[in-house]
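Undergrad: Attaching a predicted model along with its sequence, questions to come.
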Amino acid sequence: MMSKTLAEVAEKVLKKLGRLADGQVAPASQKKSVTDEYDGLYDELLNDGLVNWAKADSIPDFAYNPICILLLGRVADDFGVPDKWSARETQQRKKISAQISSPYVSATTPFEDY
């Protein structure tokens, strides 16, 4: 499973907002706006049982796009961009939840009835 760093998330968010072109480096202040918002979002998702990674860890692939969309809805106004992402928050939370709650079964365990 691949994962994305918070810096990669911030860059994607800034690109979607039209604040960063391909090949450009994001100004530290703009990156900080996104990463600060991630901190609050992470805490909310943790309280709702929707994260299974540490805040300092990279973001798992399954959560990358939903996290970006959630952050877009939260920072759009800060960058003077009309928010068209907030309406999708519930849907994105459900996507993360579905991945978190999906049981992973690597093998069946024999059952013995005593």
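TA: In hand now; what should we look at? Numbering: from 1, shown residues only.
Undergrad: This protein: helices as residue ranges?
TA: 6-16, 28-47, 61-75, 89-101 (DSSP state H).
Undergrad: so where is the chain shaky, pLDDT-wise?
TA: 1, 102-114 (pLDDT under 70).
Undergrad: At the geometric centre of it, which residue do we find?
TA: Nearest to the geometric centre of the chain sits Ile67, at 2.0 Å (CA atoms, centre = their mean).
Undergrad: got the contact list for that one?
TA: Val9, Tyr38, Leu41, Ile59, Gln92, Ile96 (CB atoms under 8 Å, 6 or more residues apart in numbering). C-beta here means a position set from N, CA and C on the backbone, and glycine is covered the same way.
Undergrad: so what's the fifth one closest to, chain neighbours aside?
TA: Residue nearest to Gln92 in three dimensions, not counting chain neighbours: Pro66, with 3.8 Å by CB to CB, 6 or more residues apart in numbering.
Undergrad: Could you tell me how many residues sit around that neighbour?
TA: Neighbourhood size, Pro66 [other CB atoms under 10 Å]: 22.
Undergrad: From Lys32, how far off is it?
TA: 22 Å (CB to CB, to the nearest Å).
Undergrad: And Leu6, by the same measure?
TA: Distance, Leu6 to Lys32, using CB to CB: 11 Å.
Undergrad: Those two - which one has more neighbours?
TA: The neighbour count for Leu6 versus Lys32, taken as other CB under 10 Å, is higher for Leu6 (19 against 12).
Undergrad: Tell me if I'm right that the more buried one and Ile59 touch.
TA: Yes: contact criterion CB atoms under 8 Å: Leu6 and Ile59 qualify, at 6.9 Å.
Undergrad: on that earlier part again, any idea how far Ser97 is from the residue nearest to the centre of the chain?
TA: Ile67 is 13 Å from Ser97, by CB to CB.
Undergrad: swap in Asp77?
TA: Distance check for Asp77 against Ser97: by CB to CB, it reads 26 Å.
Undergrad: Tell me which of these two has more neighbours.
TA: Ser97 (15 against 11).
Undergrad: Tell me if I'm right that the more buried one and Val51 touch.
TA: No: in this structure Ser97 lies outside contact range of Val51 using CB under 8 Å: 10.3 Å.
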